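Visitor: fold the following for me, if possible:
(one chain, ligands or ions: 1)
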Amino acid sequence: MAEVVQFQILPEQVDDLALIHAKIKSELALTHDDFTFEWRKRSIDARKKIIKLNCSFIVYLKDEASVFTPFFTPQNVADKKRIAIIGAGPAGLFAALRCLEVGLCPVVFERGKDVRSRRRDLAELNKKSIVNPESNYCFGEGGAGTYSDGKLYTRSKKRGDVEKTLKLFVEFGADKDILVDAHPHIGTNKLPQIIVGMREFIVANGGEVHFESKLTDIKLQENAISAIEINHSNWFEFDRVILATGHSARDIFELLHTRGIKVDAKPFALGVRIEHTQELIDTIQYHGRLNDSFIPPASYSLVAQVDGRGVYSFCMCPGGIVAPCATAQEEVVTNGWSPSKRNNIYSNSGIVVSVDPSDFPGKENDPFVCLDFQKSIEKKAWEMAGKTQKVPAQRLVDFVQKKKSIDFPRSSYQPGIVSVEMDSIFPPFIANRLRKAFVEFDKKMNGFLTNDAVLHAPESRTSSPILIPRNPETMEHVSTKGLFPCAEGAGYAGGIVSAAIDGMNCVDAIITSFQKEA
Ligand SMILES: Cc1cc2nc3c(=O)[nH]c(=O)nc-3n(C[C@H](O)[C@H](O)[C@H](O)COP(=O)(O)OP(=O)(O)OC[C@H]3O[C@@H](n4cnc5c(N)ncnc54)[C@H](O)[C@@H]3O)c2cc1C
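Guide: Okay, here's the model as predicted:
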């Protein structure tokens, strides 16, 4: 029987196989050397001054060996039942991969461009402040996850097979370390190639992927989906549609509402993206241990309850860049990404306050109430920063003390920053909670509250402000047969891994719906 063994070593001992072998032998009280082992999990423990590496190994005794069981076997699906998948983000791509496994033909329609062409639009956005509404940090092949930090951890392990998702990433080129690191991440420089690999595989096995192909209308017959319109011109008949369009496809929310397909307001979160130097975060988290190649750039995860509501860090990017993530010209939106080595001199994170439909008395039942608020903040930020993609910015202590910043340290945000008081963008229920939370965060991470940190605003696309409600049993829309609202845009996932899992689960739900029909 394979055994699991756990212990701690120093980070610099990670490659010392003789030491690890001896430790395993001692932990299991073995009297012989007749065993092999492989990594199961590892994580940094920086709670005390001497930093340790938590290690977990699977140990195979005597003649046992790691048993290889294939976890993914595709079929050629060219002549199989066709399923429309709208959106080629993690949800859409993993749904397509699952189709290959279960014998359905995925037909993916993506409004944006392929990964390589998309890169040119990102350059225009960063250098000339030109937002292409169809090709940007949120739209295009790979979705919002492509030019991201590629963090692959999820708190929602109940939703499905995290390990399978990670193994598929490895299958398409991600480093095997993601299978053992407690906080795996891939990095912006590596993700595009992985995404291209997935698409080529889908096509090679009989699936289809169409770029610059936007869903623009839906035809219903007796509350069941019967056809979809692409690019305002071509209609295609489908009776099963996975709608995986992400949290930024506002035109999709409007389309559904116009066609009488129920959408609801959903709580989300909104705030700022804070940037410190990575050196400061390492100093705080690693007790002054710096420039050490054996320990990764430090991260943090902060949460505080302020006036009865959660304020928390979101999508923290060690060694990262603050990115312009607008999907339309007249708005400013921030997010963050990191390269695989996380070796940039900055660290950034969203710091956000929960927003609820009840924050807008009298409008609680308006499905668009949270979306309208999100839009209004993004538009105000654009106006306040001079109607370009420059971002409103304020030093952290200046914000806490309600002072306008007169100068700034360098920021990683490429289009540029403009001094704006955050209080002129956010209503008091957001700004005051952020202010109090920063003071709380400094108690947990002494030195976090520094005037060398810069706030960029807003961080507003944390999750969807709209729910596209589905039947929890069948995963179909509550009132529209054949429509499977999927992942982040529908309000059922948050992050790359949970979106990918939801995509795969939707395909399984479609299989069940066919079986019921038969
Ligand atoms: C800069 C950045 C960094 C991030 N970093 C991380 C991270 O490190 N880890 C993490 O877990 N998450 C991260 N995220 C969030 C993560 O990317 C999303 O949670 C995830 O991509 C959601 O997957 P999805 O498939 O549901 O939607 P999306 O990835 O948003 O994909 C939706 C796709 O649908 C397409 N689409 C929209 N409308 C239409 C239409 N009408 N017709 C056809 N296609 C359409 C879009 O172009 C897009 O490609 C980051 C996001 C950003 C923007």
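Visitor: drop to CA atoms for contacts and neighbour counts, all remaining ones
Guide: OK.
Visitor: where does the protein have low pLDDT?
Guide: Residue ranges of the chain with pLDDT under 70: 63-68, 155-159.
Visitor: now the helices for it?
Guide: Assigned helices in the chain, in chain order: 17-27, 90-102, 115-128, 162-171, 191-204, 250-258, 278-285, 369-384, 396-400, 428-444, 487-490, 496-517 (criterion: DSSP state H).
Visitor: which strands and helices sit next to the last one?
Guide: Right, the one you point to is helix 496-517. If you count contacts as 3 or more C-alpha pairs under 8 Å, 6 or more residues apart in numbering; DSSP states H and E, helix 496-517 packs onto helix 90-102, helix 162-171, helix 487-490.
Visitor: show me which residues of it are buried.
Guide: For helix 496-517, the neighbour count (16 or more other C-alpha atoms under 10 Å) marks 496-511, 513 as buried.
Visitor: with the second one instead?
Guide: The neighbour-count criterion (16+ other C-alpha under 10 Å) identifies Pro90, Ala91, Gly92, Leu93, Phe94, Ala95, Ala96, Leu97, Arg98, Cys99, Leu100, Glu101 as the buried residues of helix 90-102.
Visitor: these: which ones sit near the ligand?
Guide: Pro90, Ala91, Gly92 (C-alpha under 6 Å from any ligand atom).
Visitor: of those residues, just say which sits nearest to Leu371.
Guide: Each of those was checked against Leu371 using C-alpha to C-alpha; the closest is Ala91, at 21.8 Å.
Visitor: could you measure from the closest one over to Ile496?
Guide: Computed as C-alpha to C-alpha, to the nearest Å, the Ala91 to Ile496 distance reads 8 Å.
Visitor: Gly150 is in contact with Ala144, correct?
Guide: No: judged on C-alpha atoms under 8 Å, Ala144 makes no contact with Gly150 at a distance of 10.0 Å.
Visitor: break the chain into its domains for me.
Guide: 3-61, 82-263+468-517, 265-459 (automatic domain parsing).
Visitor: now do the strands in the stretch 301-450 of the chain.
Guide: 303-306, 309-317, 321-324, 334-337, 346-355, 391-395, 417-419 (DSSP state E, counting those that start in this stretch).
Visitor: please tabulate the ones you listed in CSV, including the columns mean neighbour count and distance to the ligand.
Guide: Formatted as CSV, the strands of the stretch 301-450 of the chain follow (neighbours: other C-alpha atoms under 10 Å; distance: least, C-alpha to the nearest ligand atom, whole Å):
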stretch, mean neighbour count, distance to the ligand
strand 303-306, 17, 18
strand 309-317, 22, 6
strand 321-324, 25, 6
strand 334-337, 27, 5
strand 346-355, 26, 10
strand 391-395, 28, 15
strand 417-419, 19, 18
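Visitor: turn those strands into TSV, including distance to Phe438.
Guide: Below are those laid out as TSV (distance: least, C-alpha to C-alpha, whole Å):
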stretch	distance to Phe438
strand 303-306	9
strand 309-317	9
strand 321-324	19
strand 334-337	19
strand 346-355	9
strand 391-395	12
strand 417-419	19
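Visitor: right, and the ones you listed - which one's nearest Leu449?
Guide: Counting by C-alpha to C-alpha, Leu449 lies closest to strand 391-395 out of the strands of the stretch 301-450 of the chain; the figure is 10.0 Å.
Visitor: so which residues on the stretch 151-300 of the chain come close to the ligand?
Guide: Lys151, Leu152, Ser213, Lys214, Leu215, Thr216, Ala244, Thr245, Gly246, His247, Ala249, Ile252.
Visitor: mind redoing it with 8 Å?
Guide: Listed as neighbours of the ligand in the stretch 151-300 of the chain under the rule C-alpha under 8 Å from any ligand atom: 151-154, 185, 187, 212-216, 230, 244-252.
Visitor: same deal with the stretch 401-518 of the chain?
Guide: Within the stretch 401-518 of the chain, the positions lying close to the ligand (C-alpha under 8 Å from any ligand atom) are 461-463, 486-490, 493-500, 503.
Visitor: report the backbone C-alpha coordinates of stretch 213-222 in PDB.
Guide: What follows is stretch 213-222 as a C-alpha-only set of coordinates in PDB (Å, rounded to 0.1, in the frame of the first residue of the first chain):
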ATOM      1  CA  SER A 213     -17.800  35.200 -33.900                       C
ATOM      2  CA  LYS A 214     -20.100  37.000 -31.400                       C
ATOM      3  CA  LEU A 215     -23.400  35.700 -30.200                       C
ATOM      4  CA  THR A 216     -25.800  38.500 -31.000                       C
ATOM      5  CA  ASP A 217     -29.300  36.900 -30.700                       C
ATOM      6  CA  ILE A 218     -31.100  33.800 -29.600                       C
ATOM      7  CA  LYS A 219     -34.200  32.200 -31.000                       C
ATOM      8  CA  LEU A 220     -36.700  30.500 -28.700                       C
ATOM      9  CA  GLN A 221     -39.500  28.100 -29.400                       C
ATOM     10  CA  GLU A 222     -41.800  27.300 -26.600                       C
END
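Visitor: so which bits of it are buried?
Guide: Buried residues in stretch 213-222 (16+ other C-alpha under 10 Å): Ser213, Lys214, Leu215, Thr216, Asp217, Ile218, Lys219, Leu220.
Visitor: for the third one, list each beta-bridge partner.
Guide: By that I understand Leu215. Taking DSSP bridges as the rule, Leu215 bridges to Ile230.
Visitor: isn't it up against Arg111?
Guide: Yes: using C-alpha under 8 Å, Leu215 is in contact with Arg111, at 7.3 Å.
Visitor: ignoring the adjacent residues along the chain, who's closest to Met316?
Guide: Counting by C-alpha to C-alpha, 6 or more residues apart in numbering, Ser349 is the residue found nearest to Met316 once chain neighbours are left out, at 4.1 Å.
Visitor: brain fart, His257
Guide: Nearest residue to His257 in three dimensions, chain neighbours excluded: Val263, at 6.5 Å (C-alpha to C-alpha, 6+ apart).
Visitor: quick one, what contacts that neighbour?
Guide: By C-alpha atoms under 8 Å, 6 or more residues apart in numbering, the contact list for Val263 reads Phe253, Leu256, His257, Pro367, Ile466, Leu467, Ile468, Pro469.
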